[in-house]
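Undergrad: Okay, structure incoming, though there's no sequence with it:
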C-alpha cells in the first residue's frame with residue numbers, strides 16, 4: 001500500500017513538471033507568433 005502512495009506522488013510530480021514544461025513551451029510559441037503581428 002505504501003508503495004502505491006509513493007508511486008502516485010511520483011506520478012503527480014511528473015505530471016506537474018510535464019504541464020509546467022508544456023505551458024512554458026506554449027507561452028513561448030504564442031509570443032513567437034504574436035510578436036511579428038505587433039510590429
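TA: It's in. What you see is a predicted model; the values in this text were computed from it and never measured.

Undergrad: dump the residue contacts of residue 3.
TA: Counting by C-beta atoms under 8 Å, 6 or more residues apart in numbering, residue 3 makes contact with nothing. C-beta: built from backbone N, CA, C; applies to glycine.

Undergrad: Please read the previous query as pertaining to residue 25.
TA: Taking C-beta under 8 Å, 6+ apart, one finds nothing in contact with residue 25.

Undergrad: That one is in what secondary structure piece?
TA: Under the criterion of DSSP states H and E, residue 25 resides in helix 2-38.

Undergrad: what distance separates that helix from the centre of its chain?
TA: Relative to the mean C-alpha coordinate of its chain, helix 2-38 is positioned 0 Å out (C-alpha atoms, centre = their mean, to the nearest Å).

Undergrad: low pLDDT regions in the chain?
TA: Filtered on pLDDT under 70, the chain yields the residue ranges 1-2, 37-39.

Undergrad: do that again at 50, thanks
TA: Counting by pLDDT under 50, not a single residue of the chain qualifies.

Undergrad: Compute the number of surrounding residues for residue 8.
TA: Here the count is done by other C-beta atoms under 10 Å, and residue 8 has 10 residues near it.

Undergrad: mind checking how far it is from residue 14?
TA: As judged by C-beta to C-beta, to the nearest Å, residue 8 and residue 14 stand 11 Å apart.

Undergrad: next one: residue 7
TA: Distance from residue 7 to residue 14, by C-beta to C-beta: 10 Å.

Undergrad: before we move on, what about residue 33?
TA: Distance of residue 33 to residue 14, computed by C-beta to C-beta: 28 Å.

Undergrad: ditto for residue 26
TA: Taking C-beta to C-beta as the measure, residue 26 falls 18 Å from residue 14.

Undergrad: List the buried residues of the helix holding residue 25.
TA: Within helix 2-38, no residue counts as buried by 16 or more other C-beta atoms under 10 Å.
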